[in-house]
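here's a sequence, model it:
(chains A and B)
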Amino acid sequence: MTLQFLVDLSGPLVMGILLGGLYALIALGLSLVFGVMKLINVAHGDLVILGTYFGFFGMTGEIFGHRLTFLGIDPIVSLVVGMPLLFAIGFAIQKYLLSRAVQISMEAPLIIAFGISLIVQNACQRLWTPYSRGLTTSYALDSFNVGVFNIPLVYLLDFAGALVVMLFLREFLRRTYLGKAISAASQDRGAAQLMGINTGRVYAYAFAIAMATAAIAGVFLGLTFPFTPTSGVSFLIIAFGVIIIGGLGSMLGTFLGGMILGLAQTMGGHVLNELGLPGAATGQYLILYIIVLVVLAVRPQGLFGR
Amino acid sequence: MRGIIHRLRGGLIPLIALIVVLAVLPIAGAPRSWLLYLLLFFLYLAMANMWNLLCGYSGLISLCQPAFIGLAGYTLVIWAWHGLPIYLGMALGAIVAALFALLISIPVFRLSGIYFAIGTLVVPEALRYMFLLWRPIGGSIHGGGAGYVLKGASDFSTAGVYWLGLGIAVASALCLRLVLRSRLGLGLAAIRDNDRTAGSSGINVFRLKLYSFVISAIITGLAGAIFYIYQSYVEPNSAFSVRWTMILILAAVMGGMGTEGGPIIGTVIVVFLHFLLARYAGISLIIQGTLLVIIMLLVPEGITGFIRKTRTYRYLLQLATMRAN
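Numbers count the residues shown, from 1 in each chain, chains lettered A, B, ... in the order given. Prediction:
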């Protein structure tokens, strides 16, 4: 009986870790922007969803209620266009809006990001209707067995994607000139400027890179969950929870934070199910948010923060 | 008492005249649609005033105002469902909102600035999920299973709700003025400008912030309850929606944060936009979001701040003071 209990538990355990990969992936961009510019981008969730819808557009060709039949690209392949697109949008947002906003007042960037979030939400609604959609690719429902576990393919893709992006970002920040410049500007803007780094441009690149990761996160999110134009807020809050738990601004911490929240969600859902409570699907999100609030109350610097 | 009246002085006579005109409008037979737009104006004004108190005067960028609105609405509906009087339910809604503000102050007041903003953003979302799950009243499932109709809302005429709205708008403005002209207001301004200096000058930073947070929760809650009397139906997705926050921010930012007149001008514009954009409901958020961004970038001090800077205003001010002398 004990063995059966453990086997039952191992399912949500594996799923939680894999789901954590997706959460970490969503949070990486937020974490990068925060780490570099000390700015919480409230539009992050909506820009991730914009990435999702771009993948959706590439796959179905649907826009403004019309259907462009010549499209039909796999969402992951469509990232070839989606990433540069969001990169450009991110660059423009930072260069023309946020860089000016930080000079105005402390709350100005927040309010402007809030405005951007509304614009993106409404634009997605106009372009792709407010209905719930999903990236239903041919492999979306595939799963395979490893020992006793039955693992959905997309969850594994989420995890692999997160790992690749996290490692790539880490190495990028450590090894390339631009990466080092970003790190320098995040540690001490004034000193970096004195060393001849154009911090304004570096910030714009950092934001743009964060948006490119948001495009990746968006596609994997769409493969995993159904989405609507307003889903952004929920994922923003999850991503915020991830970086709170992982300690703000650290890439590895973000990754671990994602795992913890993913585990909390699936384990919470599992326990609710075992107890026979109704609404386990909604309840697991509630558990997630309560954990975020509790961590804020107990350790605002995050579990891995100093 | 005299002290209080003294603090409220300044530009009261035209204001009272305006309030009297607004109050007799329903009796004078103004069309119902006017009254409803004015009602929205009153409620948004009360909420925007309280957001102004938090953001403009206390430096707290609170994104959890929908929590107070939704909680007060739900309290009212649950209370009324048990056949209890609606007025008491309104008061109870405000109390619940205040208690909730106290409760969440424990985690979110450990954060400051932008962190506070995001910490508070989590709250309405958590409540939304909670109310999607929780069935406080058995039976009568309506709209996603978690929405409820307000019993006894039909007893209220449009004029009745209108007067309630007018009352809360006036109360919020007086309350704001009273707070600002008291020691609390001075302390809050000191905290907003520099909380460390304020703290070292003997101001209890935590307590003052908490006071303004709870005051704003009470009045926002009352305004929310009145809104749900008017709408007579409450449902988690709209009750705890970010749209509330957007309206408040838009009103306060456009009018000018940290000024008493700002939210009034801002709310007039917001309600007027509602009226104008009713036909373009599909893109109204795009327009409002763009306005928010443009105003924040070009005139961060808002319309009131902008007017104050112009030459005509200074000239007029000069004229006025000269005559006074």
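
how about residue 35, phi and psi?
All of this refers to chain A. A:G35 adopts backbone torsions of phi -60, psi -40, taken as degrees, to the nearest 10.

quick one: it and A:S186 touch, right?
Yes - look at A:G35 against A:S186 with Cβ atoms under 8 Å: they come within range, at 5.5 Å. Glycine gets a C-beta too; all of them are placed from N, C-alpha and C.

now stretch A:240-249: how far from the chain's centre is it?
Centroid separation for stretch A:240-249 versus its chain: 12 Å, with Cα atoms, centre = their mean, to the nearest Å.

meant to ask about stretch A:145-152, not that
Between the centre of stretch A:145-152 and the centre of its chain there are 26 Å (Cα atoms, centre = their mean).

just the helices from the stretch 51-200 of chain A, written as ranges.
Counting by DSSP state H, counting those that start in this stretch, the stretch 51-200 of chain A has helices at residues A:75-92, A:99-104, A:108-128, A:153-175, A:177-187, A:189-194, A:199-224.

give me the buried positions along the fourth one.
By that I understand helix A:153-175. Residues of helix A:153-175 classed as buried under the neighbour-count rule (16 or more other Cβ atoms under 10 Å in any protein chain shown) are A:154-159, A:161-162, A:165-166, A:169, A:173.

columns distance to B:G261 on top of the residues you listed, output as CSV?
Formatted as CSV, those follow (distance: Cβ to Cβ, whole Å):
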residue, distance to B:G261
A:V154, 54
A:Y155, 55
A:L156, 58
A:L157, 55
A:D158, 51
A:F159, 54
A:G161, 52
A:A162, 50
A:V165, 49
A:M166, 50
A:L169, 48
A:L173, 48
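
so which of the helices of the stretch 51-200 of chain A comes closest to A:L303?
helix A:153-175 (17.4 Å; Cβ to Cβ).

same for the closest one, what does it pack against?
Applying 3 or more Cβ pairs under 8 Å, 6 or more residues apart in numbering or on different chains; DSSP states H and E, one finds that helix A:153-175 contacts helix A:2-37, helix A:177-187, helix A:199-224, helix A:251-274.

give the rounded mean pLDDT of it.
Regarding helix A:153-175, the rounded mean pLDDT is 90.

what lies in contact with stretch B:196-208?
B:58, B:109, B:184, B:187-188, B:190-191, B:195 (Cβ atoms under 8 Å, 6 or more residues apart in numbering or on different chains).

which residues sit in contact with the closest residue to A:H270 other than its chain neighbours?
Closest residue to A:H270 apart from its sequence neighbours, by Cβ to Cβ, 6 or more residues apart in numbering or on different chains: A:P12 at 4.1 Å. A:P12 sits next to A:263, A:266-267, A:269-270 when contact means Cβ under 8 Å, 6+ apart.

from these, which would you call buried?
A:263, A:266-267, A:269-270.

now the spatially most central residue of chain B: phi and psi?
For chain B, the residue whose C-alpha lies nearest the mean C-alpha position (Cα atoms, centre = their mean) is B:M47; its distance is 0.6 Å. Note on B:M47: backbone dihedrals following degrees, to the nearest 10 are phi -70, psi -40.

okay, it: pLDDT?
94.

that one against B:M246, yeah?
No - between B:M47 and B:M246 there is no contact under Cβ under 8 Å: 11.6 Å.

picking up where we left off before, tell me the most buried of the helices and strands packed on helix A:153-175?
Mean neighbour count (mean count of other Cβ atoms under 10 Å in any protein chain shown) peaks for helix A:199-224 among the helices and strands packed on helix A:153-175, with a mean of 25.

how about the helices of the stretch 101-250 of chain B, start to end?
B:113-133, B:158-180, B:183-193, B:195-200, B:205-231, B:236-239, B:242-255.

what angle do the second one and helix B:205-231 make?
Here helix B:158-180 runs at 170 degrees with respect to helix B:205-231, directions being taken by axes from the mean of the first three to the mean of the last three Cα atoms, to 10 degrees.

now helix B:158-180: buried residues?
B:159, B:161-170, B:172-177, B:179-180.

okay, now the unreliable bits of chain B?
B:1-11, B:138-146, B:323-325 (pLDDT under 70).

deepest of the helices of the stretch 101-250 of chain B, which one?
Scoring the helices of the stretch 101-250 of chain B by mean count of other Cβ under 10 Å, the most buried comes out as helix B:242-255, with a mean of 25.

which other residues reach it?
Contacts of helix B:242-255 (Cβ under 8 Å, 6+ apart): A:111, A:114, A:118, A:233, B:44-45, B:47-48, B:51-52, B:55-56, B:63, B:65-66, B:69, B:124, B:261-267, B:269-270, B:285, B:288, B:291-292, B:295-296, B:302-304.

now do stretch B:73-83
B:86, B:88-90, B:92-93, B:96-97, B:131, B:136-137, B:148-153, B:224-225, B:227-229, B:234, B:239.

any low-confidence regions in the stretch 151-300 of chain A?
A:248-249, A:277-280.

and it, which residues reach chain B?
Residues of the stretch 151-300 of chain A found near chain B (Cβ under 8 Å from any Cβ of the partner chain) are A:233-234, A:236-237, A:240-241, A:278-279, A:282-283, A:285-286, A:289-290, A:292-294, A:296-297, A:300.

at 7 Å what do you get?
For the stretch 151-300 of chain A, the contact set with chain B under Cβ under 7 Å from any Cβ of the partner chain comprises A:233-234, A:237, A:240, A:279, A:282-283, A:285-286, A:289-290, A:292-293, A:296-297, A:300.

filter those down to the ones in helices?
A:233-234, A:237, A:240, A:282-283, A:285-286, A:289-290, A:292-293, A:296-297 (DSSP state H).

need the contact list for the residue nearest to A:L286 when sequence neighbours are not counted.
Leaving aside its chain neighbours, A:L286 sits nearest to B:Y129 (4.3 Å; criterion: Cβ to Cβ, 6+ apart). Residues in contact with B:Y129 (Cβ atoms under 7 Å, 6 or more residues apart in numbering or on different chains) are A:282, A:285-286, A:289.

so who does residue 170 touch?
Looking at chain A here, since you left the chain open. A:M251.

um, chain B though
With Cβ under 7 Å, 6+ apart, B:V170 has these contacts: B:I19.

next: B:Y57.
B:Y57 touches B:180, B:185, B:188-189, B:192, B:258, counting by Cβ under 7 Å, 6+ apart.

now with 10 Å?
Going by Cβ atoms under 10 Å, 6 or more residues apart in numbering or on different chains, B:Y57 touches B:176, B:179-180, B:184-185, B:188-189, B:191-192, B:212, B:257-260.

now, which of those residues lie close to chain A?
The residues of the contacts of B:Y57 that also fall near chain A, by Cβ under 10 Å from any Cβ of the partner chain, are B:M257.

of the contacts of B:Y57, closest to A:G218?
B:M257 (33.3 Å).

who touches B:I218 in this structure?
B:I218 neighbours (Cβ under 10 Å, 6+ apart): B:50, B:68, B:72, B:91, B:93-95, B:97-98, B:101, B:172, B:175.

repeat that for 7 Å
For B:I218, the contact set (Cβ under 7 Å, 6+ apart) comprises B:94, B:97-98.

and for A:G262?
A:16-17, A:19-20, A:23.

what's the closest non-adjacent residue to it?
Counting by Cβ to Cβ, 6+ apart, the residue nearest A:G262 is A:G20, at 2.8 Å.

with A:L263 instead?
Nearest to A:L263 is A:G16, by Cβ to Cβ, 6+ apart, at 3.6 Å.

and what of A:F57?
A:I63 (5.8 Å).

count the residues that sit near that neighbour.
A:I63 has 15 neighbouring residues, counting by other Cβ atoms under 10 Å in any protein chain shown.

picking up where we left off before, now the two most distant members of the residues of the stretch 151-300 of chain A next to chain B.
A:G279 and A:P300 (30.0 Å).

quick one on the thing from earlier: so the residue nearest to A:G262 makes contact with A:L263?
Yes - with contacts counted by Cβ atoms under 7 Å, A:G20 reaches A:L263, the gap being 6.3 Å.

what's the spacing between A:E274 and A:A27?
According to Cβ to Cβ, to the nearest Å, A:E274 and A:A27 sit 29 Å apart.
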